[in-house]
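*Asks:* Whatever this is, show me its structure:
(chains A and B)
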Amino acid sequence: KAGVTQTPRYLIKTRGQQVTLSCSPISGHRSVSWYQQTPGQGLQFLFEYFSETQRNKGNFPGRFSGRQFSNSRSEMNVSTLELGDSALYLCASSYSGRASDEQYFGPGTRLTVT
Amino acid sequence: AQSVTQLDSQVPVFEEAPVELRCNYSSSVSVYLFWYVQYPNQGLQLLLKYLSGSTLVKGINGFEAEFNKSQTSFHLRKPSVHISDTAEYFCAVNAGGTSYGKLTFGQGTILTVHP
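*Replies:* Numbers count the residues shown, from 1 in each chain, chains lettered A, B, ... in the order given. Next up is the predicted model:
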């Protein structure tokens, strides 16, 4: 079974630009969660999607958005990039997103904002 | 709201020695508990999870953890570590209910195994 894939693996962007990251979950998984990982703040939850609907959202500004497609693939978008958005963005999939479900993580996308 | 505290940011240990990585959580409701490991330049891999039942949970790679409700702890242990266990370890909780897909993580513990 193929794991969670994220593209691209590395990105360099300039302040003010926008960026779109992609996540393909494990086949059969319908829930996709996104996390931001930084040395200072650690791992923080961004949002979760299930059946194309956002069910849960973390404490991030509106510049961070996401969506999910009918095949469960998900994208997240960050507009008007700031230096502080430099981070590793991790996507995780699970069967249903229930609290007891194991989340399977992708390798992440390393975003550098200059 | 729930929170997770990992009491040690770094733990150095010699190969074949035992190790314990400490995790405390706070939550007003029952929680599900997880330990994940992250190797350099990789995503997170689940080591073990506690959902209910027996308080001693066994995971992959010889790791185990004990859930202690009265002390709100979920410490990770391994009786004999290997060089390959060098990585960062994260404790996480999910409080259930409407916390769909949301794991709350501790700050991580870097385990360094020396030869």
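
*Asks:* what's the closest non-adjacent residue to residue 5?
*Replies:* Picked chain A for this. A:Ser24 (4.6 Å; Cβ to Cβ, 6 or more residues apart in numbering or on different chains). Quick note: C-beta positions are derived from backbone N, CA and C, even for glycine.

*Asks:* actually chain B
*Replies:* Among residues not flanking B:Thr5 along the chain, B:Asn24 sits closest, at 4.8 Å (Cβ to Cβ, 6+ apart).

*Asks:* how about the residues of chain B that lie near chain A?
*Replies:* By Cβ under 8 Å from any Cβ of the partner chain, the residues of chain B that approach chain A are B:32, B:34, B:36, B:41-46, B:49, B:51, B:90, B:92, B:94-108.

*Asks:* Buried among those? Make that a ChimeraX selection.
*Replies:* The buried residues among the residues of chain B next to chain A can be selected in ChimeraX (16 or more other Cβ atoms under 10 Å in any protein chain shown) with this line:
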select /B:32,34,36,43,44,46,49,51,90,92,94,95,96,99,100,101,102,103,104,105,106,107,108
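
*Asks:* Buried residues in stretch A:48-63, which are they?
*Replies:* Those buried within stretch A:48-63 under the rule 16+ other Cβ under 10 Å are A:Glu48, A:Tyr49, A:Phe50, A:Arg55, A:Asn56, A:Gly58, A:Phe60.

*Asks:* end to end, how far does it reach?
*Replies:* Length of stretch A:48-63, first residue to last, Cα to Cα, to the nearest Å: 16 Å.

*Asks:* who touches that stretch?
*Replies:* Residues from elsewhere that reach stretch A:48-63 (Cβ atoms under 8 Å, 6 or more residues apart in numbering or on different chains): A:30-34, A:36, A:44-47, A:66-70, A:74, A:78-80, A:96-97, B:98-102.

*Asks:* Which among those count as buried?
*Replies:* A:30-34, A:36, A:44-47, A:66, A:68, A:74, A:78, A:97, B:99-102.

*Asks:* Following the chain onward from the helix or strand of chain A with the lowest mean pLDDT, which element is next?
*Replies:* The helix or strand of chain A with the lowest confidence, counting by mean pLDDT, DSSP states H and E, is strand A:53-57 at a mean of 94. Sequence-wise, the next helix or strand downstream of strand A:53-57 (DSSP states H and E) is strand A:64-68.

*Asks:* The next helix or strand after that next one pairs with which strands?
*Replies:* Using DSSP H and E, the helix or strand that follows strand A:64-68 in sequence is strand A:74-78. Using DSSP bridges, strand A:74-78 pairs in its sheet with strand A:19-24 (antiparallel), strand A:64-68 (antiparallel).
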